[in-house]
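Novice: Okay, here's the prediction I keep looking at, along with the sequence it came from:
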Amino acid sequence: MKSIDSFDLVPGRTLARKYEIVSLLGGGWEGEVYRIREKTTGIERAAKLFFPKRNPRNKTAKRYARKLHKLRDCPIVIQYHTEETVIVRRTPMTVLVSEYVEGELLSEFLERQPGGRLQPFPALHLLYALVKGVECIHRLREYHGDLHSENVIVEHYGLRFDLKILDFFHWEESPKREGLQDDICDLVRIFYDALGGARFYAKHPQEVKDICCGLKRSLVLKRFPTVTHLRQHLETMRWA
């Protein structure tokens, strides 16, 4: 099969006879995601197209769709709708159609903040929202596998953060326990980066350092062996 590394679908192109391309939302190792509009209703969706070499025998798309369906009751997970097959460059391609979420990437949100970072209190609220969302996923014995500020969408921000996460990853050789632990360490890393990273770490209060544990994986997992331990810590912590 001819190698395809980019689809380059232009706005206005019809997809599966019932959608039209609005814009490219992003691309990655597995494929590209487009903002699409349902022709008959005008409702906007997101469509993920998989590069054929990343989707042998449609296994990647099936696994991704089944995981999203399994996690359909987790509010932080984008809702999966349906699978379609389209022809691109004379090659059948699998398209997964899901909910389109308006918002901005966490990385872009942080760049807009004064100094490009959050103060400890809002950063704790960000972490708490992420922890609650990921806890729902872990309860179903699933994990994300690659959490970072480029695959978290901030939908709303006020008294609380409303978030969605993208791009679940499946590590073929990663045991599930390790995947769950990776998520915990990734959550702590997002919190650390949201506070400004290494440049400001020494000046943070002890309460922040008690969570970050110097980003040492063994210390983080000793203090928070599950994401529930991290959530309980956030709910009961006291400021000196």
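Specialist: In hand now; what should we look at?

Novice: hey, let's count contacts and neighbours off CA atoms from now on
Specialist: Fine.

Novice: Next, the contact list for residue 98, please.
Specialist: Residues near residue 98 by C-alpha atoms under 8 Å, 6 or more residues apart in numbering: 45-47, 78-82.

Novice: Just the ones of these in helices?
Specialist: Applying DSSP state H to the contacts of residue 98, no entry is found in helices.

Novice: Just give me the closest of these to residue 149.
Specialist: Nearest to residue 149 among those: residue 78, at 16.2 Å, using C-alpha to C-alpha.

Novice: Need phi/psi at the closest residue to that closest one other than its chain neighbours.
Specialist: Among residues not flanking residue 78 along the chain, residue 99 sits closest, at 6.0 Å (C-alpha to C-alpha, 6 or more residues apart in numbering). Residue 99 adopts backbone torsions of phi -60, psi 140, taken as degrees, to the nearest 10.

Novice: who's residue 99 bridged to?
Specialist: Counting by DSSP bridges, residue 99 is bridged to residue 45.

Novice: so after the helix or strand containing residue 190, what's the next helix or strand?
Specialist: Secondary structure from DSSP states H and E places residue 190 in helix 176-194. Under the assignment DSSP H and E, the closest C-terminal helix or strand after helix 176-194 is helix 198-201.

Novice: which residues are contacting that next one?
Specialist: Residues from elsewhere that reach helix 198-201 (C-alpha under 8 Å, 6+ apart): 192, 195, 209.

Novice: what do you get if the cut-off is 10 Å, keeping everything else the same?
Specialist: Here helix 198-201 makes contact (C-alpha atoms under 10 Å, 6 or more residues apart in numbering) with 117, 192-193, 195, 208-209, 212, 214.

Novice: So which of the contacts of residue 98 belong to strands?
Specialist: 45-47, 80-82 (DSSP state E).

Novice: hmm, which of those are the buried ones?
Specialist: With burial judged by 16 or more other C-alpha atoms under 10 Å, the buried subset of these is 45-47, 80.

Novice: could these be laid out in JSON lines, adding distance to residue 15 and pLDDT?
Specialist: Formatted as JSON lines, these follow (distance: C-alpha to C-alpha, whole Å; pLDDT from 0 to 100):
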{"residue": "45", "distance to residue 15": "12", "pLDDT": "96"}
{"residue": "46", "distance to residue 15": "12", "pLDDT": "95"}
{"residue": "47", "distance to residue 15": "9", "pLDDT": "95"}
{"residue": "80", "distance to residue 15": "17", "pLDDT": "94"}
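
Novice: Make TSV from the residues you listed and add distance to residue 199 to it.
Specialist: Below are those laid out as TSV (distance: C-alpha to C-alpha, whole Å):
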residue	distance to residue 199
45	40
46	37
47	39
80	39
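
Novice: Now do the helices in the chain.
Specialist: Secondary structure of the chain (DSSP H): helices at 59-70, 106-112, 120-139, 176-194, 198-201, 206-212, 217-223, 227-236.

Novice: name the helices or strands packed onto the fourth one?
Specialist: Okay, so that is helix 176-194. Using 3 or more C-alpha pairs under 10 Å, 6 or more residues apart in numbering; DSSP states H and E as the contact test, the elements touching helix 176-194 are helix 106-112, helix 120-139, helix 198-201, helix 206-212, helix 217-223, helix 227-236.

Novice: got the contact list for residue 77?
Specialist: Counting by C-alpha under 10 Å, 6+ apart, residue 77 has contacts 68-69, 71, 99, 133-134, 136-137, 163-168.

Novice: mind running it again at 6 Å?
Specialist: Contacts for residue 77 (C-alpha atoms under 6 Å, 6 or more residues apart in numbering) come out as 164-165.
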